[in-house]
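Student: What follows is a predicted protein model with its sequence.
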Amino acid sequence: MAIVLGTLGIDGLGEVVRALREWQCDEGPVQLHPGDLGWFWRFGDEATAAATRTWSRGGEIIAVGLLDDPELLRVAIAPEAQRDEELAQRLVEDVSAPEAGVLIEGKVYVEAPMGALVQDLLSKDGWMTADPWVPLRRDLSEPVPDPGLRVDVIGAEQAHERTAVQRASFDGSTFTDARWHAMADGEPYADARCLVGRNQLGESVAAVTVWSAGEGKPGLIEPMGVHRLHRGRGYGTAITVAAARALQELGSCSAVVCTPGFNVGAIATYEAAGFERLPETRDLYRDA
């Protein structure tokens, strides 16, 4: 059967989320998670649908792409299709041809699961490897200790606190209250939580959003940040432990997070919170 490239409307996003949930497993490579789609949902359901691509065969989705921006496509592939030759060749063709409506002309990037055949074919086609990312994972089969920090689950009435910590953690962040509500209205957020950590004065010092993919599936931390005025006091480690604990309560078998390889501070924070480094991943890029 022919493989069909599609851009689903808003009504099709639920099918995409279900596919991404099903594909998550500790035994396979770290790849696009329903939480990644959920975090993008802060831009609204129409923007999320417009940024999503699917590759289907016989009416079944076998790969999903999310355009994190016009120059970056993040791809997830069904476990049984990771080395599918027909799919890999079709992915290469579609990401290489701007007229296919996936990536634009010029310098562009593709994030695909490590070990997937599409990685090999893109490399043979002249695509080059970008700087490394470091995935880290914490097993949740054992109880997670108390983080030693007051942590509140944030609802709609406290959304302004979550967004304020985000903006104070990341230069250039555009996470507004309106975008929090758009994210919370998305289907993936039904299995997600926003947490804010407070110091002894009750000030919001750190925040994190965690995304479950369902019972017995790996959960995702995306994003985590510490307020720039409260760094160097262990709050990053504490809120990360709280994130792992929240994912355990949501039924996740593990907690996963990815960070750029150059961000040694973030890597140290996650390791201090009981996360173990996994093999590096690398995007592939095509020069302009």
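Tutor: Cool, got the structure. Numbers count the residues shown, from 1 in each chain.
Student: All the helices of the protein, in order from the start?
Tutor: 13-23, 34-40, 45-50, 85-96, 117-124, 159-169, 177-184, 235-249, 264-272 (DSSP state H).
Student: helices or strands up against the third one?
Tutor: Using 3 or more C-beta pairs under 8 Å, 6 or more residues apart in numbering; DSSP states H and E as the contact criterion, the neighbours of helix 45-50 among helices and strands are helix 13-23, helix 34-40. From N, CA and C alone the C-beta is placed, and that goes for glycine too.
Student: ditto for the last one
Tutor: Using 3+ C-beta pairs under 8 Å, 6+ apart as the contact definition, the elements that helix 264-272 packs against are strand 128-139, helix 235-249, strand 254-260.
Student: thinking again about what came up before, export the helices and strands packed on helix 45-50 as TSV, with columns for mean neighbour count.
Tutor: Shown next, in TSV, are those (neighbours: other C-beta atoms under 10 Å):
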stretch	mean neighbour count
helix 13-23	19
helix 34-40	25
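Student: Can you tell me which of these is nearest to Ala272?
Tutor: Of all the helices and strands packed on helix 45-50, it is helix 34-40 that lies closest to Ala272, at 22.2 Å by C-beta to C-beta.
Student: neighbouring contacts of that closest one?
Tutor: For helix 34-40, the external contacting residues (C-beta atoms under 8 Å, 6 or more residues apart in numbering) are 13, 16-17, 20-21, 24, 47-48, 51-52, 66, 68, 74, 183, 186-189, 191-192, 209-211, 213, 219-220, 222-223.
Student: These, buried ones only, as a ChimeraX selection?
Tutor: Burial among the contacts of helix 34-40 is assessed by 16 or more other C-beta atoms under 10 Å; the matching ChimeraX selection reads:
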select :13,16,17,20,21,24,48,51,52,66,68,74,183,186,187,188,189,191,192,209,210,211,213,219,220,222
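Student: returning to what we had before: output the helices of the chain as JSON lines; include the columns distance to Ile104 and mean pLDDT.
Tutor: Converted to JSON lines, these look like this (distance: least, C-beta to C-beta, whole Å; pLDDT from 0 to 100):
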{"stretch": "helix 13-23", "distance to Ile104": "22", "mean pLDDT": "98"}
{"stretch": "helix 34-40", "distance to Ile104": "18", "mean pLDDT": "98"}
{"stretch": "helix 45-50", "distance to Ile104": "14", "mean pLDDT": "98"}
{"stretch": "helix 85-96", "distance to Ile104": "11", "mean pLDDT": "98"}
{"stretch": "helix 117-124", "distance to Ile104": "17", "mean pLDDT": "98"}
{"stretch": "helix 159-169", "distance to Ile104": "28", "mean pLDDT": "98"}
{"stretch": "helix 177-184", "distance to Ile104": "24", "mean pLDDT": "98"}
{"stretch": "helix 235-249", "distance to Ile104": "34", "mean pLDDT": "98"}
{"stretch": "helix 264-272", "distance to Ile104": "30", "mean pLDDT": "98"}
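Student: Now those helices in CSV, please, with extra columns for distance to Val134.
Tutor: Below are those laid out as CSV (distance: least, C-beta to C-beta, whole Å):
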stretch, distance to Val134
helix 13-23, 21
helix 34-40, 16
helix 45-50, 27
helix 85-96, 24
helix 117-124, 17
helix 159-169, 19
helix 177-184, 25
helix 235-249, 14
helix 264-272, 6
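Student: out of those helices, nearest to Arg150?
Tutor: Per C-beta to C-beta, nearest to Arg150 of the helices of the chain: helix 235-249, 9.6 Å.
Student: buried residues in that closest one?
Tutor: 235-248.
Student: quick check, nearest of these to Asn263?
Tutor: Gly236 (11.6 Å).
Student: Once you drop chain neighbours, what's closest to that closest one?
Tutor: Thr269 (4.2 Å; C-beta to C-beta, 6 or more residues apart in numbering).
Student: Let me see the contact set for that neighbour.
Tutor: Going by C-beta under 8 Å, 6+ apart, the list of residues near Thr269 reads 236-237, 240.
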